[in-house]
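Peer 1: Here is a sequence together with a model predicted from it:
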Amino acid sequence: MRLGLSAGREKGSDADNLSSWTDLQGLCCQAAGGHPEWADDLAVAWLLFYSAAHLMDKIQDQDEPDPWWKDLGPGAALSVASGLYFSASAALNQLYLHSVSSTAAAQISKDFYNCFLVMTSGQFSELANPFPSLEKYWELAAAKSGMFFALASRSAARLATDNTERLNNFERYGHHLGLIIQMRDDLDDVRPPAENTAYGQRVEISRSLPVIYALSVLPARDGERLRNSLHKAPEDTSVAEDVIRLLNQSNATLYIMTELERHRQLALQAIHRAAPPSPARESLENYLVKV
């Protein structure tokens, strides 16, 4: 389990932004009027869940394995993911033991497990529909990354306030932050795999936003060509270059950059409504620039 968690802190790994979120819950709690250490147990639980979900997602999508389980195989990774899930549940139970979090513990625990039920449903839907519509993509992104970061923000703020309007705005902040992260990850799917030099050769690209958007706007003939090319691109540099040409033809990058800015503005509006100016709020605003 330590290997699975530490993989997220390795520079250059696919989960290298795990360490970027170690302060998220403390900052939300502080911005809501509490002390950052109130959210320590919550942060541990969320980060363990994050690591487990990321690992399961990599196995499902057949992504390049992390070095520690490349030789051991996906069975070992599944075993570690299971341990991370149970460790996260144990950490979540710590909320009941402290006076500052005990009154909110039951609702927070319920929210966590409801969130994971929705996320696993989204994972299944992805398997059943490898080329979702653009509308379906946003629905799944909201149910996974959007919901998970909304959970982190709202739960941490709940330790400091029970004001529904403020909590809803912390939730909206996390939702838009999660969608921004998902879009950034999808843009990374276009980059070359470590062993290749051609863009468009990653297996993950077929389920990414650039491709889904392109398929929604390209003429039928070009869309079919893109689908066919995606199957051959990982093994053929010239086909991978054709994939990138079709994505450029669809203006997928312009669409994604526009959506990134739109969600940044919505997240900023939400955090401004949720919390008064403070160093903690400023740090939460900075997440939207760094991500």
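Peer 2: Thanks, I have it.
Peer 1: which stretches of the stretch 101-250 of the chain have low pLDDT?
Peer 2: 130, 193-197 (pLDDT under 70).
Peer 1: Could you pull out the strands in it for me?
Peer 2: Taking DSSP state E, counting those that start in this stretch, the stretch 101-250 of the chain contains no strands at all.
Peer 1: same for the longest helix anywhere in the chain, what does it pack against?
Peer 2: Among the segments of the chain that qualify as a helix by DSSP state H, the longest is helix 99-128. Helix 99-128 sits against helix 40-61, helix 74-93, helix 134-141, helix 147-158, with contacts defined as 3 or more C-beta pairs under 8 Å, 6 or more residues apart in numbering; DSSP states H and E. Backbone N, C-alpha and C define where each C-beta goes, glycine included.
Peer 1: Go through it and flag the buried ones.
Peer 2: 101, 104-105, 108-109, 111-112, 115-116, 119, 122-123, 126 (16 or more other C-beta atoms under 10 Å).
Peer 1: now those residues in TSV, with distance to residue 174?
Peer 2: Conversion of the buried residues of helix 99-128 to TSV gives the following (distance: C-beta to C-beta, whole Å):
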residue	distance to residue 174
101	18
104	16
105	19
108	14
109	18
111	12
112	13
115	11
116	15
119	14
122	16
123	20
126	21
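Peer 1: what's in contact with the helix or strand that contains residue 258?
Peer 2: Assessed by DSSP states H and E, residue 258 sits inside helix 252-274. For helix 252-274, the external contacting residues (C-beta atoms under 8 Å, 6 or more residues apart in numbering) are 31-32, 157, 165-167, 169-170, 172-173, 176-177, 179-180, 183-184, 186-187, 209-211, 213-214, 247, 281, 284-285, 288.
Peer 1: How about stretch 107-118?
Peer 2: With C-beta under 8 Å, 6+ apart as the criterion, stretch 107-118 contacts 42, 45, 49, 53, 92-93, 95, 101, 143, 147-148, 151, 154-155, 158.
Peer 1: Max pairwise distance over the residues you listed: which two?
Peer 2: 101 and 143 (26.6 Å; C-beta to C-beta).
Peer 1: Can you tell me how far the most centrally placed residue in the chain is from residue 227?
Peer 2: Closest residue to the average C-alpha location of the chain: residue 145 at 3.8 Å, with C-alpha atoms, centre = their mean. Relative to residue 227, residue 145 is positioned 25 Å away (C-beta to C-beta, to the nearest Å).
Peer 1: same thing with residue 91?
Peer 2: Taking C-beta to C-beta, one finds residue 91 at 43 Å from residue 227.
Peer 1: Neighbour count: those two, which is higher?
Peer 2: residue 91 (19 against 14; other C-beta atoms under 10 Å).
Peer 1: what sits against the more buried one?
Peer 2: Counting by C-beta under 8 Å, 6+ apart, residue 91 has contacts 41, 44-45, 48.
Peer 1: Name the nearest residue to it, sequence neighbours excluded.
Peer 2: residue 45 (4.0 Å; C-beta to C-beta, 6 or more residues apart in numbering).
Peer 1: residues near the one you found, how many?
Peer 2: So residue 45, with other C-beta under 10 Å, has 25 neighbours.
Peer 1: Distance check, it against residue 86.
Peer 2: From residue 45 across to residue 86, the span is 11 Å (C-beta to C-beta).
Peer 1: for residue 114, same thing?
Peer 2: 18 Å.
Peer 1: same thing with residue 279?
Peer 2: With C-beta to C-beta as the criterion, residue 279 and residue 86 are 36 Å apart.
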